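Undergrad: Have a look; sequence and predicted model below, questions after that.
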Amino acid sequence: MNSPLHRTALTDLGVLRLGGADAARFLQGQVSNDLTRLSPERTLLAGYHTPQGRTIALLRLVARAEDELLALLPRELVSTVRERLAKYVLRAKVTLTDVSGEWGISALAATEHLPDGTLATLAPQSLAQTPGACTRHEERWFVCLGAAPVRWLEIAPADQTPGEAAPTAREHWRLLDVRAGLTQVYAATSEHFVAQMLNLDALDAIAFDKGCYTGQEVIARAHYRGRVKRRAQRFRSRAPLVLAPGASGVLGDGRAFEVLESARLADGRAEFLAVTALPSAEHGEPAEGPRLEAEALELPYALEA
């Protein structure tokens, strides 16, 4: 890869800081992934859930220091997650701080579709290219999100990141997330879905062999009893359409759906991830609601019923 790296600001993402000697131990009892796997060179995707197993938010966790973790998530959910976690701190030596104003998060790839800024001094070969791996350059962290195409999240001090993203660049990055099957939770969909409905097991965001955490009983039961009949799946509308997270309707075959993430294509059609019944599952009578004609597309990973 010899192309220059381009970046665009993802100003809709925020950062929650967990500091203190007990930060990792505290979070271990709250999220679905195993924090013993977290290191300065390896990030984790984890779900934060209600006791009923419903996903409040998805967190991309980065170990900035031995006693400091950064959790990346939609900015609109940072205060909600901080307030809910704070209820369980009790005597733990941990602080929870919204530092979204101190850090900027950018999309980074060797593609002309991200034209807002160029990192001419940073060679792509210097960055880890294994999904989840993290590379540090001074006060910037680069988290590899995928290998096809290879791309990263850049976490840097706010004064070192570009301003508001160009709409076309931000839409292109959202499309890459959709095609990678990277689900997301926003305010409109928070607490709507159990972890497996968001494919968190396929995205390596659940550790089934770790100890207890909030929502663990429901999530484990769904895993071991194999009762997950609704999953996040990928579609492309057959006509021009604008879809937002939380939008719902009925597919042409009668399955009800709710949108998780959507990107608009050049011709106006929408490519999107939506939670709906698996094609092989029995879903009873056709659902009522607005009809949407859409083509089902493959995900880059397999789903288990």
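TA: That came through, no problem.
Undergrad: Which residue ranges of the stretch 51-200 of the chain form helices?
TA: 75-86, 167-180 (DSSP state H, counting those that start in this stretch).
Undergrad: Quick one: list the elements packing against the shortest one.
TA: Under the contact criterion of 3 or more Cβ pairs under 8 Å, 6 or more residues apart in numbering; DSSP states H and E, the helices and strands touching helix 75-86 comprise strand 13-19, strand 44-49, strand 55-65, strand 95-98. (C-beta placed from N, C-alpha, C; glycine too.)
Undergrad: thinking again about what came up before, of the helices of the stretch 51-200 of the chain, flag the one that's most buried.
TA: Most buried of the helices of the stretch 51-200 of the chain, by mean neighbour count (mean count of other Cβ atoms under 10 Å): helix 167-180, with a mean of 19.
Undergrad: Name the surrounding residues that touch stretch 98-107.
TA: 7-11, 13-17, 70, 72, 75, 78-79, 82, 114, 117, 151-158, 160-162, 165, 169-170, 173 (Cβ atoms under 8 Å, 6 or more residues apart in numbering).
Undergrad: Just put the helices of the stretch 51-200 of the chain in JSON lines and tack on distance to residue 264.
TA: Listed next are the helices of the stretch 51-200 of the chain as JSON lines, based on distance: least, Cβ to Cβ, whole Å:
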{"stretch": "helix 75-86", "distance to residue 264": "20"}
{"stretch": "helix 167-180", "distance to residue 264": "6"}
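Undergrad: need those in a markdown table with distance to residue 24 and mean pLDDT, can you?
TA: Conversion of the helices of the stretch 51-200 of the chain to a markdown table gives the following (distance: least, Cβ to Cβ, whole Å; pLDDT from 0 to 100):
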| stretch | distance to residue 24 | mean pLDDT |
| --- | --- | --- |
| helix 75-86 | 13 | 98 |
| helix 167-180 | 27 | 88 |
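Undergrad: nearest to residue 204, of the ones you listed?
TA: Of all the helices of the stretch 51-200 of the chain, it is helix 167-180 that lies closest to residue 204, at 12.8 Å by Cβ to Cβ.
Undergrad: Give me the distance between that closest one and the centre of its chain.
TA: 13 Å (Cα atoms, centre = their mean, to the nearest Å).
Undergrad: Run the chain-centre distance for whatever helix or strand comes next after it.
TA: Counting by DSSP states H and E, the element after helix 167-180 in chain order, helix or strand, is helix 216-225. Distance, stretch centre to chain centre, for helix 216-225: 21 Å (Cα atoms, centre = their mean).
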